[in-house]
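A.B. asks: Fold the following and give me the result.
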Amino acid sequence: MVKKLIQNALLLLLWLPLAVIAQQHKHQSTLATGAAFAPDGSVVVVGVDTGKLFIQRRMANGEWSERRLLDISDDSVATNGDNRPKIAFGPSSEVVISYTRPLEKPYTGEIRMLRSADGGQNFSLPFTVHQDRQIITHRFDAIQFDARGDLYTFWIDKRDAEQARQAAKDKPSAYDGAAIYYNIASDGGRIVSEDRKLADYSCECCRISLIAEPVEGVAALWRHVFAGSVRDHAFARVSRTQASALVRASHDDWVIRACPHHGPGVARAAEGGYHAVWFGDRKGQQRVRYGRLNAEGRAIGTVLELPDAHAEHPDIVSSGQRVVIAWRSFDGTNTQISAWISEDDGRHFTLRRLQASTLDNDYPRLIERSGKIALVWRTEREIHVTYF
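C.D. replies: Here you go, the predicted model:
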């Protein structure tokens, strides 16, 4: 009896941090929305409304176009946690929209995509991006066009974990978490490479952050499961011909055998390397933190905590010396959207309070194109756009 009570107490201690995260997630619903700047400078969003996928454009005068429903057949769209539909514009007239379609078993899914060759006037029917068709986890997609116009699609994949589980039979599998897979599409997204594995042992339900490299390829930041169930972050660069070895990018040393549902963000630093934001537990302090990474993705310099103890789900973009970090915080009644803005490549930041609401709402998303930066935040009543 005493042994059972001790076991229950240990389980409670293990899950207490996630209880806090679950409370932070209480406002996340079908409002999960993706956004991007179109080549003409307008803001375009994709989201779900009454189960239907829509696209909508914010005009130059600040008015929104009518929502246009997209044909996704009988697909449903995952909008829980870090899942959301995404949109990306290529260098010519290519536009792609991606989302995760849940399958019949819990925690399984497929990465689906719609493609347009005419700037978004017409879209293809949805197709599955990856070659693997097992009913397992293919979820939490991320998309990014690189400087060459190649489209990179990343996702979290459990084919290796499933193989390890089957090999172990009745014994516990030694495979922690999931894996990061990706493929590359050229010719406007028409010619797709084979599925490629970037890393074993990723966290299972945290979003992947991607940015384009200056010449070709992308840089990726994701929550990783390091030895001993340490859930910090890993970084790697990927091009058409090679992928770098992953390096550890954060050092909170958060030991937890569960997924925090709380992915990172990465942006390019003007003076070389990268800016990064992430959520983690360091010595019992669960906070959103900001740090710098060198050209290889290794942590350098001083790590800063955001000036908001309740900050969650941060995002980050940069343009030259300007760096913008945005986040959401919830005090039990009111949701506040805030931004931390630097004009000197992250040396100094200024806090700016933005919108607040008691309505159901999404996480804030930052977008950038050709020096323009905007924050997109959707509540159950409207979509807010703030320019920086």
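A.B. asks: my guess is residue 334 contacts residue 357, does it?
C.D. replies: Yes: using CB atoms under 8 Å, residue 334 is in contact with residue 357, at 7.3 Å. From N, CA and C alone the C-beta is placed, and that goes for glycine too.
A.B. asks: If you rank every helix and strand of this structure by mean pLDDT, what lands last?
C.D. replies: helix 2-24 (a mean of 40; mean pLDDT, DSSP states H and E).
A.B. asks: could you pull out the strands for the stretch 251-388 of the chain?
C.D. replies: Applying DSSP state E, counting those that start in this stretch to the stretch 251-388 of the chain gives strands spanning 265-268, 274-282, 285-293, 299-305, 312-319, 322-330, 335-342, 350-357, 365-369, 372-378, 383-387.
A.B. asks: Kindly reformat those as JSON lines containing mean neighbour count and mean pLDDT.
C.D. replies: As requested, those are exported to JSON lines (neighbours: other CB atoms under 10 Å; pLDDT from 0 to 100):
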{"stretch": "strand 265-268", "mean neighbour count": "23", "mean pLDDT": "98"}
{"stretch": "strand 274-282", "mean neighbour count": "23", "mean pLDDT": "98"}
{"stretch": "strand 285-293", "mean neighbour count": "20", "mean pLDDT": "97"}
{"stretch": "strand 299-305", "mean neighbour count": "14", "mean pLDDT": "97"}
{"stretch": "strand 312-319", "mean neighbour count": "23", "mean pLDDT": "98"}
{"stretch": "strand 322-330", "mean neighbour count": "23", "mean pLDDT": "98"}
{"stretch": "strand 335-342", "mean neighbour count": "20", "mean pLDDT": "98"}
{"stretch": "strand 350-357", "mean neighbour count": "13", "mean pLDDT": "97"}
{"stretch": "strand 365-369", "mean neighbour count": "20", "mean pLDDT": "97"}
{"stretch": "strand 372-378", "mean neighbour count": "21", "mean pLDDT": "98"}
{"stretch": "strand 383-387", "mean neighbour count": "15", "mean pLDDT": "97"}
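A.B. asks: strand partners of the helix or strand just after the least confident helix or strand of the chain, parallel vs antiparallel please.
C.D. replies: Per DSSP states H and E, the first helix or strand lying C-terminal to helix 2-24 is strand 34-37. Within its sheet, strand 34-37 is paired with strand 43-49 (antiparallel), according to DSSP bridges.
A.B. asks: quick one: average confidence on the strand it pairs with?
C.D. replies: Averaging pLDDT along strand 43-49 yields 97.
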